[in-house]
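Asks: Okay, predicted coordinates and the sequence, questions at the end:
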Amino acid sequence: MSHRQPVRVADRHAFDTLIDARSPAEFALDHIPGAINCPVLNDEERHIVGTVYVQTGAFEARRIGGAMVAANIARHLRETLADRPENWKPLVYCWRGGMRSGSMVTWLRLVGWDAQQLAGGYKSFRRHVISQIDTLTPKLDLRVICGATGSAKTRVLHALAARGAQVLDLEDFARHKGSLLGSLPGVAQPSQKHFETRIGAVLESIDLSRPLYVEGESIRIGRLSLPLPLVARMRAAPCIEVSATPETRLAYLLRDYAYLGDDRDALADKLGALKELQGKETVSRWQQWAHEADLPHLFAELMSLHYDPHYQKSQELHFRSWAKRQRVVAGDLSDQGIDAVADAVLALDSGAASPSA
């Protein structure tokens, strides 16, 4: 077998399969999109080897770890990799392109596959993601979809994507709807690194000569922070406002957030965070409605007393082109109404006349 130079991150797409040889916990935190996890040490084994290294020394750690690595690679060959054809070409990586991925590459080559190792491992990929965000973000032809709470902005993005438009769905990547009540039941937010990885993957794949639609967001979505270059680009980009009546928006919110009535105590607890802004008496009333699952009254007052009063000011503060925004009027926010909004948004870019849906 001839020795091969490790593969650069930019050349990773030339391989049939990306194999992440790190532990499941490392993989869960972040990984290269599309990679499969074939750990050469699981989380417990990695801890054991690290402890032996500290307490006994490198040789004993390698001896114990080597036996674990051999057993795990053998299992992957019997199970996950058992159906791979003779001409299969995998690219393997670990934390920084060291012993874990090197061990797996050695065994895969012994089998006869053209396995190669990613230079610098996951750490080089992480540097690549940051570089892509820093380099590509200033070149984006962004269109920021804005609108008061309940304007179905995320659904408009989905409808735009269905029509072939380029879309960056930050709330999907963050697994959060972006507001005080935006956490999704039973769904944890990803790590900051994985959030950025998914953003970088979109930026790497789009046509920079075409518009990219994104929802107007604050600097944070739940506990995750938007990359600062993206925040700066969004703040300078043209805005398109989806305009709907309070009644239309309330009807949409009651459909889109209906699940909040399933855990009344959790909803009441979240509302407690507003006491300093809205006062104890108002928030107590909202919490009572939460305990009763009276979402129509609760959402109506949240809109009129909390979200809407701050909307105009926050948009003016965050988006420099807000005064020159284009507006699409949504007659309704049913599925058909949202489709009509998306058509009207695309018509703005094509120069067509109708700004209403």
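Replies: Thanks, I have it. Numbering: from 1, shown residues only.

Asks: packing partners for whichever helix in the chain runs longest?
Replies: Assignment by DSSP state H gives helix 58-78 as the longest helix of the chain. Applying 3 or more Cβ pairs under 8 Å, 6 or more residues apart in numbering; DSSP states H and E, we find helix 58-78 packed against helix 43-55, helix 99-111. Using the backbone N, CA and C atoms, a C-beta is placed for each residue, glycine as well.

Asks: Out of the ones you listed, which is the most enclosed?
Replies: helix 99-111 (a mean of 19; mean count of other Cβ atoms under 10 Å).

Asks: hang on, the earlier thing: please identify which of the helices and strands packed on helix 58-78 is closest to Ala35.
Replies: Closest of these to Ala35 is helix 99-111, at 11.6 Å (criterion: Cβ to Cβ).

Asks: following the closest one, which helix or strand comes up?
Replies: Where DSSP states H and E defines the elements, the next helix or strand beyond helix 99-111 is strand 116-117.

Asks: partner strands of that next one, parallel or antiparallel?
Replies: strand 90-93 (parallel) (DSSP bridges).

Asks: Mean confidence (pLDDT) on the partner strand, please.
Replies: Average pLDDT, strand 90-93: 98.

Asks: for it, the distance to its chain's centre please.
Replies: 24 Å (Cα atoms, centre = their mean, to the nearest Å).

Asks: low-confidence ranges in the protein?
Replies: Low-confidence segments of the chain (pLDDT under 70): 1-3, 351-357.

Asks: Apply 90 and report the result again.
Replies: Applying pLDDT under 90 to the chain picks out residues 1-5, 97-98, 178-180, 185, 277, 310, 312-313, 317, 349-357.

Asks: Compare the helices and strands packed on helix 58-78 and give me the one nearest Gln336.
Replies: Nearest of the helices and strands packed on helix 58-78 (Cβ to Cβ): helix 43-55, 48.7 Å.

Asks: Mind listing residues that contact that closest one?
Replies: Ser23, Pro24, Ala25, Leu41, Glu60, Ala61, Ile64, Gly65, Met68, Asn72 (Cβ atoms under 8 Å, 6 or more residues apart in numbering).

Asks: Compute the inter-axis angle for that helix and helix 99-111.
Replies: Compare the direction of helix 43-55 with that of helix 99-111 by axes from the mean of the first three to the mean of the last three Cα atoms, to 10 degrees and you get 120 degrees.

Asks: the inter-axis angle of helix 43-55 versus helix 58-78?
Replies: 160 degrees.

Asks: Send me helix 43-55 as CSV with only the CA atoms.
Replies: The C-alpha atoms that make up helix 43-55 are tabulated as CSV, following Å, rounded to 0.1, in the frame of the first residue of the first chain:
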residue,chain,number,x,y,z
ASP,A,43,-17.4,7.8,25.3
GLU,A,44,-16.7,5.5,28.3
GLU,A,45,-13.6,4.0,26.6
ARG,A,46,-12.2,7.4,25.7
HIS,A,47,-12.6,8.4,29.4
ILE,A,48,-10.8,5.2,30.5
VAL,A,49,-7.9,5.7,28.1
GLY,A,50,-7.5,9.3,29.2
THR,A,51,-7.5,8.3,32.9
VAL,A,52,-4.9,5.6,32.3
TYR,A,53,-2.7,8.1,30.4
VAL,A,54,-2.7,10.5,33.3
GLN,A,55,-2.3,7.9,36.0
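
Asks: Centre of the chain to it, how far?
Replies: 32 Å.

Asks: my read: Leu305 touches Thr282, true?
Replies: Yes - Leu305 is in contact with Thr282 according to Cβ atoms under 8 Å; the separation is 6.8 Å.

Asks: who wins for proximity to Ala161 among the helices and strands packed on helix 58-78?
Replies: helix 99-111 (35.1 Å).

Asks: who's Tyr213 bridged to?
Replies: Arg143, Val167.

Asks: That one: how many residues sit nearby?
Replies: Using other Cβ atoms under 10 Å, Tyr213 has 24 neighbouring residues.

Asks: ok, now Ala293?
Replies: Ala293: 15 surrounding residues under other Cβ under 10 Å.

Asks: which other residues reach the longest helix of the chain?
Replies: The contact list for helix 58-78, computed with Cβ under 8 Å, 6+ apart, reads 38-42, 45, 48-50, 52-53, 100, 103-104, 107, 111.

Asks: what domains does the record give for this structure?
Replies: Dividing the chain into domains by automatic domain parsing, as the record does, gives the ranges 9-128, 140-350.

Asks: now the helices: where do they sit in the stretch 251-357 of the chain?
Replies: In the stretch 251-357 of the chain, the segments counted as helices under DSSP state H, counting those that start in this stretch are 264-271, 275-278, 280-291, 295-301, 308-318, 335-350.

Asks: tally of neighbours for Ala268?
Replies: Counted with other Cβ under 10 Å, Ala268 comes out at 18.

Asks: do the same with the one 3 residues further on
Replies: By the measure other Cβ under 10 Å, the count of residues near Leu271 is 24.

Asks: What separation is there between Ser101 and Leu184?
Replies: 34 Å (Cβ to Cβ, to the nearest Å).

Asks: same deal with Arg155?
Replies: Taking Cβ to Cβ, one finds Arg155 at 15 Å from Leu184.
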